[in-house]
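Novice: Just to be clear, the model below is a prediction. Sequence and coordinates:
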Amino acid sequence: MSKRVDWEKIRLYVITAQDAHPGKSVTDVMEQTLIGGAGMLQLRNKTGSRSEVLEQARALRVLTRRYGVPFIVNDYPDIALEVDADGVHLGQDDMSIKEARALLGDDKMIGISTHCAEHAIEAEREGADYIGVGPVFPTNTKPGKAAVTTAYVAEAASLVSIPFVAIGGITTDNADAVISAGAKRLCAVSAIVGSEDPAAVCRELLYKLTAADRAEESSNANAIANERETSGHKAEENVTLSLNGSSYQTRSATLDCLLAELGQRDKRLVAEVDGEIVPRSRWQETTLADGLRIELIQFVGGG
Ligand SMILES: Cc1ncc(COP(=O)(O)OP(=O)(O)O)c(N)n1
Ligand SMILES: Cc1ncsc1CCOP(=O)(O)O
Ligand SMILES: [Mg+2]
């Protein structure tokens, strides 16, 4: 799988944490997350030797290929290349995006952690493929790291056009608040891989994301329907006027439109509304209303 991943399919990004599931293997737990609908996986191993990380990366590469989802390696661009992962995730203190790009080429994804608006803007400018936005809440997975709160999630949603994933302390209990702040994608570690049933937690988080999509679609559809209804009513509303002494119904909104409707706009004539002459320059701004008395006086002949 190359960098051209389908971000529409990636709503839930799951990261490994082997200490969170003693007695269960990383690949077994991560397979459960894929069964639950995870759309992207990351290998994050902060304590193992390089050879252990490489071995886990190889196994997760095989697994993610089987499920057709992108696979990212945290911290080790060289291992990402060696196992043909889809990319690397960098932190603010790691090598620059430029350096990683030079190593990995254009086909691999580069994700980077961001903790404030300036980071997000810089990441997009430097060519990151996605950003992590967090930690949204305090979390034992990243002890001592200040929470950025949902305020930064909302800021990121309006600041960047590359995809972003909200991360840090996200659980099924607080995910709605993160989604309401504007997150379309969630990334979680302990709440998923530390649970008895990782697939079920994934399904629940995905359900929350898709429920929010449906609510947004239906509120957009309502707004469009209201707009149509309002403008539809306007179009259907007839105005009843007195035109040269006779009752006349029209849908035209302005004097200019009425004269066009009557085929008179280009004729030499004087238009009077309620006894007052309306110069041609004001026909477009003269709106029609029930009961108006309109007199059209034609000039006959030349001279
Ligand atoms: C998706 C995602 N977001 C943030 C991080 C954190 O990366 P980093 O800041 O480099 O910290 P460590 O994970 O290396 O401790 C991430 N890994 N993934
Ligand atoms: C790696 C990382 N980067 C920012 S928060 C975080 C940890 C997220 O883990 P959890 O979902 O367990 O809070
Ligand atoms: Mg890192």
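Specialist: Ah, there it is. Ligands and ions are numbered 1, 2, ... in the order given.

Novice: For the chain, give me the ranges with low pLDDT.
Specialist: Along the chain, segments meeting pLDDT under 70 span 1-3, 231-237, 301-303.

Novice: what ranges do the strands span in it?
Specialist: 12-15, 40-43, 71-74, 87-90, 109-114, 130-133, 164-167, 186-188, 239-243, 246-250, 269-273, 276-278, 293-298 (DSSP state E).

Novice: Quickly list the domain ranges of this structure.
Specialist: For the chain, automatic domain parsing gives the domain ranges 7-220, 239-298.

Novice: N226: which of those is closest?
Specialist: With respect to N226, and counting by CB to CB, the nearest of those is domain 7-220 at 10.5 Å. Quick note: C-beta positions are derived from backbone N, CA and C, even for glycine.

Novice: how far does that closest one stretch from start to finish?
Specialist: The first and last residues of domain 7-220 sit 22 Å apart, counting by CA to CA, to the nearest Å.

Novice: Quick one: check it for contact with ligand 1.
Specialist: Yes - Domain 7-220 lies within reach of ligand 1 by CB under 6 Å from any ligand atom, at 13, 15, 42, 44, 46, 74-75, 89, 91, 94, 111, 113, 132, 165, 167, 187.

Novice: now, which of the residues you listed sits nearest A253?
Specialist: V165 (49.0 Å).

Novice: for this protein, longest helix please?
Specialist: helix 198-236 (DSSP state H).

Novice: What are the buried residues along that helix?
Specialist: 198-199, 201-206, 208-209, 212 (16 or more other CB atoms under 10 Å).

Novice: same deal with stretch 10-29?
Specialist: 10-18, 20-21, 26, 29.

Novice: Which residues does it contact?
Specialist: By CB atoms under 8 Å, 6 or more residues apart in numbering, the residues outside stretch 10-29 that reach it are 30, 33, 37-45, 56, 59-60, 63, 69-70, 74, 141, 163, 165, 167, 184-190, 192-194, 198, 202, 205-206, 209-210.
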